[in-house]
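A.B. asks: Curious how this folds, go ahead:
(one chain, ligands or ions: 2)
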Amino acid sequence: MIFTTDTHTHSLDFSGDASSYMEEMCRGAIEKGLKRICFTEHVDFDPHYDDSIPFDPEKYKRAVETMRDEFGADIEILKGIEVGEPHVYKKEYEKVLTADQYDVVIASVHYIQLPMGIHWTGHRGEDIYTYAVPRIYRRYYEDVLAVSQLGGFDVFGHFDLPKRYLKMEAQEDELIEESLRNIIAGGSVIEINTSPLRKGCEETAPGKKILDLYRSLGGKRLTIGSDAHQACDIIAGFDKAFNDFGAGFEIGYFKQRQFIAFGEGK
Ligand SMILES: [Zn+2]
Ligand SMILES: [Zn+2]
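C.D. replies: Ligands and ions are numbered 1, 2, ... in the order given. Sure thing, here's the model as predicted:
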């Protein structure tokens, strides 16, 4: 299958943990032969987060328009956001959702709330005494459940994210199943996020076990995103992700918050 769309990408203009600017991302996507790229810039509400750039929707709108002026003849540029921890910042999340100017809203859990403070899921817990990897997973999945109950998003981002860093199989079967049921019932989808393949994992996030469960619970639709934070990672790992896990799913992207399935070869 030839992939022509990357549904999850970041740029240094709006996501502080990225290393390529929007312009470089567009050029990179065109060089790779894509028909469209969707920016899904981080929208985080806690000023204490590492690398966080305060989100400015007007600035983002203008930047995307500038990119469309420059590259629109060669590639379609979609404007999405990735909202972190919407269950903690409900009012702010509501405001973002009602702005109604995005092609896609991804909801993600990057930081978990521990009694002693905010904790990034990528840290093993050595920095916070008594906390260890299994408890980080547990807390992560409790938060995933809370986000799934909140709803309102199009895509749940990188389900099973801690695996990308902590390299452990999740044990939270009940929380996972309930979260997936909520996501499906809410009309949202999950994505295959290929970024773990670039961080030494053998599987995407999520991997086979969770994707099989999602399918068995009635989940039919998927997006595939690289989560590229630099131009060279655009559509990285898509072939492997599709060959390993894509069978039996309707794969597509969101535009103006509507799911569009790829036709053959799109
Ligand atoms: Zn993310
Ligand atoms: Zn992302």
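A.B. asks: Make sure Leu175 is indeed in a strand.
C.D. replies: No. Using DSSP: H, G, I helix; E, B strand; the rest coil, the assignment for Leu175 is helix, not a strand.
A.B. asks: Residues of the chain that sit close to ligand 2?
C.D. replies: Residues of the chain lying close to ligand 2 (CB under 5 Å from the ion) are Glu82, Asp227. To be clear about C-beta, it is placed using only N, CA and C from the backbone, and glycine gets the same treatment.
A.B. asks: Please spell out the segments of the chain that come in under the pLDDT threshold.
C.D. replies: 1, 50, 126-130, 264-266 (pLDDT under 70).
A.B. asks: For it, which residue gets nearest to ligand 1?
C.D. replies: Closest contact between the chain and ligand 1, by CB to the ion, is at Ser108 (4.3 Å).
A.B. asks: Against Gly219, how distant is the nearest residue to that residue once chain neighbours are set aside?
C.D. replies: Excluding its sequence neighbours, the residue lying closest to Ser108 (CB to CB, 6 or more residues apart in numbering) is Gly157, at 3.5 Å. Applying CB to CB, to the nearest Å, the value for Gly157 to Gly219 is 15 Å.
A.B. asks: Also Gln113?
C.D. replies: Here the criterion is CB to CB. By it, Gln113 lies 27 Å from Gly219.
A.B. asks: next one: Thr66
C.D. replies: 37 Å.
A.B. asks: which of these two has more neighbours?
C.D. replies: Using other CB atoms under 10 Å, the more surrounded residue of Thr66 and Gly219 is Gly219, with 21 against 13.
A.B. asks: surely the more buried one meets Ile190?
C.D. replies: Yes. Using CB atoms under 8 Å, Gly219 makes contact with Ile190 at a distance of 6.8 Å.
A.B. asks: Spit out the residues that contact these two alike.
C.D. replies: Residues touching both Gly219 and Ile190 comprise Leu180, Ile183, with contact defined as CB atoms under 8 Å, 6 or more residues apart in numbering.
A.B. asks: that older thread, can you report phi and psi for the residue of the chain closest to ligand 1?
C.D. replies: Main-chain dihedrals, Ser108, degrees, to the nearest 10: phi -140, psi 160.
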